[in-house]
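J.: Sequence and predicted structure, then a few things I'm wondering about:
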Amino acid sequence: MSSTVVVTGLGAVTPLGATAAETWQAALAGTPGAHTLDNDWAEKYEIPVDFAATVPAEFTADKLKKVEAKRLDPSSRFALVSAREALADAGLRSEDGTSDLDPERTSVSWATGIGGVWTLLDAWDTLREEGSRRVMPLTVPMLMPNGPAAAIGMDIAARAGVQTVVSACASSTESLGQAYEMISSGRADVVVAGGSESAIHPITLAAFSSMRALSRRTDSPETASRPYDVDRDGFVMGEGSGAVVLESEEHARARGARVYAQLAGWGLSNDSHHITANEPEGVHALRAMRLALQQGGLEPGDLAHVNAHATSTPVGDIPESIAINQLLGGHVDSALVSGTKSMTGHLLGGAGAVEAIFTILALHNRLAPPTINISEVDPKVNLNIVRDTPAELPAGDLAALSNSFGFGGHNAVVAFKTA
């Protein structure tokens, strides 16, 4: 007998806020997270992009012990801070860091797209400039892609399994799906799921710029991410973390937990089309969405909201819009579509988790967050896009999707229901 999976805790560190609540309020206000970077990278390395959506240092200051921060890559720091917030929000972590979690029934399903790139490249600089003896002994565990998952797992003694998903920009949505499977199958009662990324570095900016994936609106960074706009010219790099505490409904009910929403199901597919480009008709993205609905016992008409992947790339937005339109059919006008990367930027492997949080809170608060920076919708897009200000969702039982698609053709979708 499969267990119903519910959401009981949320945590986030993003360009918009130091917590999930702050991030949500900033998103509702249509706050742009992108800004010109305070460094000389563009000039020094001749990078045509000099802006991104970064997490201000004060958002994580004093939230980790000095010894913890020193031994963690920035991606792991974001992960640990957001996971602790989510556990506290779920009532599973006290102020002194203790909890009543059963280690044998607790798991972590975490994700990243790139891993500890800062640690890796800083270590390379140290090796070249100061020699091998100056390379930190903890360099390898800090740069490993499973570093964030391991940090969370050790923090809460999660012995039912600690796993890492690496599937580019679909990573953390897939991590939620894997967590769903663990709880649904009875292998765990509680799973901390999500993803983190800290990859705003000269090498990534240069590489994404070289492939012309990034917006080059250097004169107006705050309006550079503009999903579905006719003049979109690429995505904006972002960083941060999103954590979701998932539980079996029985476990949550037994302890009297507040429930935000139900994780009803998820879908996974692959385009097998191109290493970076989406399949142009959205065929396999559509399949992932249909699988999520099918597992959740949902119909397209049940959907009140979709948080779209919507990166703001000239090519990428269209296949997804085609797929969503085909999924909804005659219900296309009743489902409100949001492109929240217009505010957060693209958090790569952490994007899906943060956008799942937006989707959960949209259902919980009956509000769909806005998509900012749209001057004119691309005529190829036929969706009911929420623009500039939040839109109310109707009363009653509702469902919503959160979509993520990544390089390599990865498609991952999670479906939520109102609690």
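T.: That came in fine, so what should we check first?
J.: Show the residue spans covered by the helices in this protein.
T.: Under the criterion DSSP state H, the chain contains helices at 20-28, 41-45, 66-70, 74-89, 117-130, 139-143, 147-156, 171-184, 202-210, 249-254, 283-295, 317-328, 341-344, 351-365.
J.: Show me the domain layout of this structure.
T.: For the chain, whose domains are defined here by automatic domain parsing, the residue ranges read 5-254, 265-418.
J.: about what we covered before: in a markdown table, list the helices of the chain along with mean pLDDT.
T.: What follows is the helices of the chain, written out as a markdown table (pLDDT from 0 to 100):
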| stretch | mean pLDDT |
| --- | --- |
| helix 20-28 | 98 |
| helix 41-45 | 97 |
| helix 66-70 | 94 |
| helix 74-89 | 98 |
| helix 117-130 | 97 |
| helix 139-143 | 97 |
| helix 147-156 | 98 |
| helix 171-184 | 98 |
| helix 202-210 | 97 |
| helix 249-254 | 98 |
| helix 283-295 | 98 |
| helix 317-328 | 98 |
| helix 341-344 | 98 |
| helix 351-365 | 98 |
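J.: Please identify the most buried of the ones you listed.
T.: Across the helices of the chain, averaging neighbours per residue (mean count of other C-beta atoms under 10 Å) puts helix 341-344 on top, at a mean of 30. Every C-beta, even on glycine, is put in place using the N, C-alpha and C of the backbone.
J.: what separates the residue lying closest to residue 234 once chain neighbours are set aside from residue 387, distance-wise?
T.: For residue 234, ignoring the flanking residues on the chain, the nearest one in space by C-beta to C-beta, 6 or more residues apart in numbering is residue 215 at 4.0 Å. Summarising the geometry, the distance separating residue 215 from residue 387, computed by C-beta to C-beta, to the nearest Å, is 19 Å.
J.: Of these two, which one has the most company?
T.: For residue 215 versus residue 387, the count of surrounding residues by other C-beta atoms under 10 Å is larger for residue 215: 26 against 18.
J.: Give me the neighbour count for residue 223.
T.: Neighbour count for residue 223, taken as other C-beta under 10 Å: 19.
J.: if we can go back for a sec, so which of the helices of the chain comes closest to residue 9?
T.: The closest of the helices of the chain to residue 9 is helix 74-89. By C-beta to C-beta, the value is 4.1 Å.
J.: and that closest one, what other elements does it pack with?
T.: Secondary-structure packing of helix 74-89 (3 or more C-beta pairs under 8 Å, 6 or more residues apart in numbering; DSSP states H and E): strand 5-13, helix 20-28, helix 66-70, helix 147-156, strand 190-197, strand 240-248.
J.: Run the chain-centre distance for the fifth one.
T.: The offset between the C-alpha centroid of strand 190-197 and the centroid of the whole chain comes to 10 Å, using C-alpha atoms, centre = their mean, to the nearest Å.
J.: What strands flank that strand, and is each parallel or antiparallel?
T.: Under the criterion DSSP bridges, strand 190-197 sits next to strand 106-111 (parallel), strand 240-248 (antiparallel) in its sheet.
J.: okay but residue 162 is in contact with residue 103, surely?
T.: No: here residue 162 lies out of contact with residue 103, judged by C-beta atoms under 8 Å, at a distance of 11.1 Å.
J.: wait, the residue nearest to residue 234 sits on residue 237?
T.: No: Residue 215 lies out of contact with residue 237 (C-beta under 8 Å); the separation is 9.5 Å.
J.: What are the boundaries of the strands in the stretch 301-419 of the chain?
T.: 303-307, 336-338, 367-368, 384-385, 391-392, 399-406, 410-418 (DSSP state E, counting those that start in this stretch).
J.: Residue 42: which of the ones you listed is closest?
T.: That would be strand 399-406 among those, by C-beta to C-beta, at 26.5 Å.
J.: Pull the closest one out as PDB, backbone CA atoms only.
T.: Coordinates of each C-alpha in strand 399-406 appear next as PDB, following Å, rounded to 0.1, in the frame of the first residue of the first chain:
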ATOM      1  CA  ALA A 399      -3.700  21.100  -8.500                       C
ATOM      2  CA  ALA A 400      -0.500  22.700  -9.900                       C
ATOM      3  CA  LEU A 401       2.600  21.600 -11.800                       C
ATOM      4  CA  SER A 402       6.200  22.700 -11.600                       C
ATOM      5  CA  ASN A 403       8.300  22.000 -14.700                       C
ATOM      6  CA  SER A 404      12.100  21.700 -15.000                       C
ATOM      7  CA  PHE A 405      14.100  20.800 -18.200                       C
ATOM      8  CA  GLY A 406      17.900  20.400 -18.400                       C
END
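J.: Show me how far that strand is from its chain's centre.
T.: On C-alpha atoms, centre = their mean, the centre of strand 399-406 falls 10 Å from that of its chain.
J.: Ok, stretch 274-289 next?
T.: Stretch 274-289 sits 19 Å away from the centroid of its parent chain (C-alpha atoms, centre = their mean).
J.: Just the endpoints, please. Distance across that stretch?
T.: When the termini of stretch 274-289 are compared using C-alpha to C-alpha, to the nearest Å, they are 20 Å apart.
J.: neighbouring contacts of that stretch?
T.: Applying C-beta atoms under 8 Å, 6 or more residues apart in numbering, the contact partners of stretch 274-289 are 211, 213, 267-273, 315-316, 318-324, 326-327, 401, 403, 405, 407-409, 411-413.
J.: List the contacts of residue 228.
T.: Listed by C-beta under 8 Å, 6+ apart, the contact partners of residue 228 are 310, 317, 321, 339, 371, 374, 377, 378, 381, 383, 385.
J.: Kindly reformat the residues you listed as TSV and extend each row with distance to residue 23.
T.: Supplementary listing: the contacts of residue 228 in TSV, determined by distance: C-beta to C-beta, whole Å:
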residue	distance to residue 23
310	17
317	23
321	25
339	16
371	16
374	21
377	26
378	27
381	26
383	24
385	21
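J.: closest to residue 299 among the residues you listed?
T.: residue 383 (18.3 Å).
J.: Do I have it right that the closest one meets residue 338?
T.: No: counting by C-beta under 8 Å, residue 383 stays clear of residue 338, with 10.2 Å between them.
J.: can you list residues touching both of these two?
T.: Common neighbours of residue 383 and residue 338 (C-beta under 8 Å, 6+ apart) are residue 308.
J.: Give me the nearest residue to residue 255, chain neighbours excluded.
T.: Using C-beta to C-beta, 6+ apart and skipping the chain neighbours, the partner closest in space to residue 255 is residue 91 (7.3 Å).
J.: Alright, that wraps it up for me.
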